[in-house]
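1. Structure, please.
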Amino acid sequence: MKELNPPIRCILLQPDSPFHGIEGTKHMETSIVPRIYDGSIADAELGIETEAAYTMAKRVAREEGLLIGDSAAAALVGAMQIARAADEGSVVVTIFPDSGGKYLSEHFWDETA
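-> Reported below is the predicted structural model:
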C-alpha cells in the first residue's frame, strides 16, 4: 500500500510490557521474533496497556454489541489513540485479529473484579 500511496503510515501496536495479558500478542523486544516479522515496515511503535485493552473489550461489548477479544480491543485502543493525534481528514484503519468467544471465561469480563 505504501508503494501506491507513500504518505501511508504503518504503526506497530504491541503490549507495553513483557508481562502482559493481551493474548496472542508479543512484546517484540522481549520475545522470540518470528522469521516472517519485518520490523522495517513499521513507521512507529505504540505500546498498549493490558488494562486499557480489557476495558475496551468490555466497553465495545456493552455499547456496540460486538464481542471482540483482548488483542482486537488493543488494536482499537491504539487506533483511537492514533486517530486523536491525526490530522483532520486522516483515515485510520485497523484489523481486529480475534473475536471474544474463546475468552468468555477470562477474568477481565468479571464486573466485580
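
2. Pull out the buried positions in the least confident helix or strand in the chain by mean pLDDT.
-> When the helices and strands of the chain are scored by mean pLDDT, DSSP states H and E, strand 11-15 comes last with a mean of 89. The neighbour-count check on strand 11-15 (16 or more other C-beta atoms under 10 Å) flags 13-15 as buried. For the C-beta atoms, the positions are set from N, CA and C on the backbone; glycine is no exception.

3. Now do the next helix-or-strand element following that strand against strand 11-15, angle only.
-> On the C-terminal side of strand 11-15, the closest following helix or strand by DSSP states H and E is strand 44-48. On the basis of axes from the mean of the first three to the mean of the last three C-alpha atoms, to 10 degrees, strand 44-48 is oriented at 30 degrees to strand 11-15.

4. what's the angle between the following helix or strand past strand 44-48 and strand 11-15?
-> Once the chain leaves strand 44-48, the next helix or strand it forms, by DSSP H and E, is helix 50-64. If you take the same axes, to 10 degrees, helix 50-64 sits at 110 degrees to strand 11-15.

5. which helices and strands does helix 50-64 pack with?
-> helix 70-85 (3 or more C-beta pairs under 8 Å, 6 or more residues apart in numbering; DSSP states H and E).

6. 10 Å instead, please
-> Contact here means 3 or more C-beta pairs under 10 Å, 6 or more residues apart in numbering; DSSP states H and E; on that basis helix 50-64 packs against strand 11-15, helix 70-85.

7. Assumed Val93 was part of a helix.
-> No: counting by DSSP: H, G, I helix; E, B strand; the rest coil, Val93 is located in no helix; its state is coil.
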